[in-house]
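Just need the structure, nothing else, for what follows:
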Amino acid sequence: MTTTIKDLGERELLNRLKRFMRCGQIEDDIAEINMINKNLLINTDLLVEKIHFSEKISNAKDIGWKCITTNISDLICSGSKNIISFNVGLVLPPSTHWKWVENLYEGMGEAMQEFGGEIIGGDCSCGEIKMISITAIGEMNPPRLHRGNALPGDYIVSTGFHGLSRLGLALLSSEKLPSEVQISPELINRAINSHKRPYPAVKSLQALIECKPESSSWRAAGTDSSDGLIESIRGICQSSNCQAVLTKNSILKDPDWPEGSIWDEWVLYGGEDYELILSLPKKWAEALSNKLESAQIIGFIKEGKPNVFWDNLEEINVENSNIFQHF
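Residues are numbered from 1 along each chain as shown. Next up is the predicted model:
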């Protein structure tokens, strides 16, 4: 017989979840973190069934991986390279199979084995749909990347390709693609992996730290592209009260990426690619683009009302219908 959460009850559910944490970690209602002379960064992400994940597309292990790595991405794009811990909140329908929960935590464990951190506690409750809330804690390191740190004269750097996760979602959900387009098997695999098992830009942050010119301060603006390339740049402009000018032919695309307007829109607005988008002093931006093969200077920051333009002065639509939406 398949065991459900209703069969287990809260006490047994918590008892089974103990094996994913250190001994005694959830014996009371708080999580303890012992740190000396360290500043911490804390991030919370809420993933809701049918909005952020679907069992028709991803299995529980993949969902667990994604829960952890999306939070790690938020810490990385703020400058944290030392991931400390995670608090996990679950809302589960009573009919949820225990095996699904077990696999979810195993997927989380796989991500933590890859990137660091541990589960230190959380909470569980009953609800009509599955919801997973992750609070991630990391150590604050220089550079303290922040959307509000951009200045006119900065160069904008993207650390990788965009659009892959959006294509992966289309493939996994059997969304109709332009019939005349042939997609290579290699691109299909990269796109599906990008959507189901996103990989935070750990190496990009390390390269950014290692290549900083001695003459440059640690000032840098940054975010990740979880909400899409254009939306991430718009966020930097809004927070820093400045404008961005992008060069069309500098936007990197996967080597097998098809041509066409829908494909360009997925690159610009697709979301969930988790690359770093940075606004850096010129010398630092050039050093990063030379050090990191996947990094590309795609534009610059200038004074002006917060907005995003192409270098031909055409304003870029930040309200495109393909933009990633949480609501």
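
Give the residue spans of the chain that score low on pLDDT.
1, 24-34, 318-327 (pLDDT under 70).

helices and strands around the lengthiest strand in it, which ones?
Of all the elements of type strand in the chain, the one with the most residues (DSSP state E) is strand 82-92. Helices and strands touching strand 82-92, as assessed by 3 or more CB pairs under 8 Å, 6 or more residues apart in numbering; DSSP states H and E, comprise helix 60-76, helix 98-115, strand 118-126, strand 131-139. C-beta here means a position set from N, CA and C on the backbone, and glycine is covered the same way.

Count residues in the vicinity of Lys248, would you?
13 (other CB atoms under 10 Å).

and it, what is it in contact with?
Applying CB atoms under 8 Å, 6 or more residues apart in numbering to Lys248 gives the contacts 310-311.

Look up phi and psi at it.
phi -60, psi -50 (degrees, to the nearest 10).

quick one: Phe20 from Glu293, how far?
The gap separating Phe20 from Glu293 is 36 Å, by CB to CB, to the nearest Å.

can you check Lys305 too?
35 Å.

Who has more neighbours out of Phe20 and Glu293?
Using other CB under 10 Å as the criterion, Phe20 and Glu293 rank with Phe20 on top: 19 against 9.

Just list the residues touching that one, thanks.
105, 108-109, 119.

For these, pick the one with the most neighbours.
Met108 (27 neighbours).

Was I right to think that residue contacts Gly64?
Yes. When contacts are counted by CB atoms under 8 Å, Met108 is listed as touching Gly64 (4.2 Å).

ok, the closest residue to Ala201 other than its chain neighbours to Ser225 distance?
Of all residues not flanking Ala201 in the chain, Leu276 sits nearest, at 4.6 Å (CB to CB, 6 or more residues apart in numbering). Per CB to CB, Leu276 is found 8 Å from Ser225.

Tell me the residues that contact both of these two, please.
By CB under 8 Å, 6+ apart, the residues touching both Leu276 and Ser225 are Ser158.

you'd agree Glu106 is up against Lys61?
Yes. Glu106 is in contact with Lys61 according to CB under 8 Å; the separation is 5.7 Å.

the helices in the stretch 151-300 of the chain, which residues?
Secondary structure of the stretch 151-300 of the chain (DSSP state H, counting those that start in this stretch): helices at 164-172, 185-196, 202-210, 229-240, 261-269, 282-291.

Which strand residues bridge Thr223?
Ile277 (DSSP bridges).

ok now do it, which residues does it touch?
With the criterion set at CB under 8 Å, 6+ apart, Thr223 makes contact with 77, 145, 147, 232, 235-236, 276-277.

can we see that at 7 Å?
For Thr223, the contact set (CB atoms under 7 Å, 6 or more residues apart in numbering) comprises 77, 147, 232, 235-236, 277.

Kindly reformat those as a markdown table containing neighbour count and distance to Phe161.
Formatted as a markdown table, the contacts of Thr223 follow (neighbours: other CB atoms under 10 Å; distance: CB to CB, whole Å):
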| residue | neighbour count | distance to Phe161 |
| --- | --- | --- |
| Cys77 | 28 | 17 |
| Arg147 | 21 | 22 |
| Ser232 | 25 | 14 |
| Gly235 | 19 | 20 |
| Ile236 | 26 | 19 |
| Ile277 | 29 | 13 |
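
ok, of the residues you listed, which one's closest to Ser250?
Ile277 (13.2 Å; CB to CB).

number of nearby residues for Ile298?
Counted with other CB under 10 Å, Ile298 comes out at 23.

Apologies, that question was intended for Ile233.
Neighbours around Ile233, by other CB under 10 Å: 28.

Need the nearest residue in space to it, chain neighbours excluded.
Ala244 (5.0 Å).

Look up which residues are beta-bridged to the one you found.
Ile301, Val308.

distance of the nearest residue to Glu175 once chain neighbours are set aside from Pro200?
Computed as CB to CB, 6+ apart, the closest residue to Glu175 that is not its neighbour in sequence is Leu169, at 7.4 Å. Distance of Leu169 to Pro200, computed by CB to CB: 19 Å.

Those two: who's more crowded?
Pro200 (25 against 22).

Now do the contacts for Val267.
Applying CB under 7 Å, 6+ apart, the residues near Val267 are 162-163, 229, 251, 253.

Pro143: what secondary structure?
coil (DSSP: H, G, I helix; E, B strand; the rest coil).

just checking, it touches Trp218?
Yes. Counting by CB atoms under 7 Å, Pro143 touches Trp218, with 4.4 Å between them.

out of those two, which sits in the more crowded spot?
Pro143 (22 against 14).

From Asp224, how far off is that one?
15 Å.

repeat for Ala170
Ala170 is 21 Å from Asp224, by CB to CB.
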